[in-house]
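Trainee: Make a model of this:
(one chain, ligands or ions: 2)
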Amino acid sequence: MKNMEQDILKVLIEENSIQERVRSLGAQISRDYEGKKLLVLGVLKGSFVFMADLIRAITVPCEVEFMAVSSYRSGVKSSGVVKIIKDIDINPLDYNILIVEDILDSGLTLSYLRDLLMQRDASDIKIATLLDKPARRVADISPDYTCFEVPDEFVVGYGLDFAERYRNLPYVGVLKPEIYEK
Ligand code: IMP
Ligand code: MG
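Mentor: Numbers count the residues shown, from 1 in each chain. Ligands and ions are numbered 1, 2, ... in the order given. Model prediction:
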């Protein structure tokens, strides 16, 4: 069996740096949402590892939901066309929503999702991303909370995939270009 590690060019963010940053972000979110009705809304699948660690670092009460979207990527690029695969059936009006995503890249997926929730009269929507790749931004959007800014390289691990693989790496690494250029 081939080891996943051989496909990684370099480790970008070590496991313990992620843990430390996620804990402090959880503390910040707990202060900001004190006394508010918080809904943590994960975007599947990429957010699930980050989300699992983040909610355990949040000390105020919260509810948890997931949405699944597909953004019709061709190779490593977003097309901007978003399809809802799994929706939520609660009324967003009642909640302060914190959308949790793995990475903000072009921003097309999250701006679509944010607009959709706004159309449903959600009053308070904020965005928390593990990673922010501002060099590639197309949509007018930025995260309210982010853990790390990353350069314009394709990264995997800690929930992020290429072709559904590498999500289970405990760190964030840069994928060797020959893997996705094949
Ligand atoms: P956006 O719509 O271009 O912001 O892309 C959103 C989605 O693309 C993210 O939720 C990821 O699933 C995926 N994505 C963007 N950049 C990367 C990357 O470097 N590695 C893995 N997935 C990525
Ligand atoms: Mg993805």
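Trainee: from here on, contacts and neighbour counts on C-alpha atoms
Mentor: OK.
Trainee: The nearest residue to Leu169 once chain neighbours are set aside: how many residues sit nearby?
Mentor: Leaving aside its sequence neighbours, Leu169 sits nearest to Gly157 (CA to CA, 6 or more residues apart in numbering; 4.5 Å). Applying other CA atoms under 10 Å, we find 23 other residues in the vicinity of Gly157.
Trainee: In this structure Gly157 contacts Val172, no?
Mentor: Yes. Gly157 lies in contact with Val172 (CA atoms under 8 Å); the separation is 4.7 Å.
Trainee: so where's this structure uncertain?
Mentor: Along the chain, the model assigns pLDDT under 70 to residues 1, 72-80.
Trainee: Around ligand 1, pick out the residues from it.
Mentor: Counting by CA under 6 Å from any ligand atom, the positions of the chain adjacent to ligand 1 are 46, 78, 101-109, 154-156, 160-162.
Trainee: so how far is stretch 7-15 off the chain centroid?
Mentor: In terms of CA atoms, centre = their mean, to the nearest Å, the centre of stretch 7-15 is set 18 Å apart from its chain centre.
Trainee: now stretch 3-13
Mentor: On CA atoms, centre = their mean, the centre of stretch 3-13 falls 20 Å from the chain's centre.
Trainee: How about stretch 97-105?
Mentor: Using CA atoms, centre = their mean, the offset of stretch 97-105 from its chain centre is 4 Å.
Trainee: re earlier: now for the residue nearest to Leu169: which residues touch it?
Mentor: 166-173 (CA atoms under 8 Å, 6 or more residues apart in numbering).
Trainee: Format those residues as CSV; extra columns: distance to Ile90.
Mentor: As requested, these are exported to CSV (distance: CA to CA, whole Å):
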residue, distance to Ile90
Tyr166, 32
Arg167, 29
Asn168, 30
Leu169, 33
Pro170, 32
Tyr171, 33
Val172, 33
Gly173, 36
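Trainee: which two from the residues you listed end up farthest apart in space?
Mentor: Asn168 and Gly173 (11.6 Å; CA to CA).
Trainee: Look at these two and report which has more neighbours.
Mentor: Gly173 (24 against 14).
Trainee: so the residue nearest to Lys126 when sequence neighbours are not counted, which of the three states?
Mentor: Among residues not flanking Lys126 along the chain, Leu98 sits closest, at 4.9 Å (CA to CA, 6+ apart). On the three-state scheme (DSSP: H, G, I helix; E, B strand; the rest coil), Leu98 is labelled strand.
Trainee: Would you mind naming the residues that bridge with Leu98?
Mentor: Note on Leu98: beta-bridge partners Val40, Lys126, judged by DSSP bridges.
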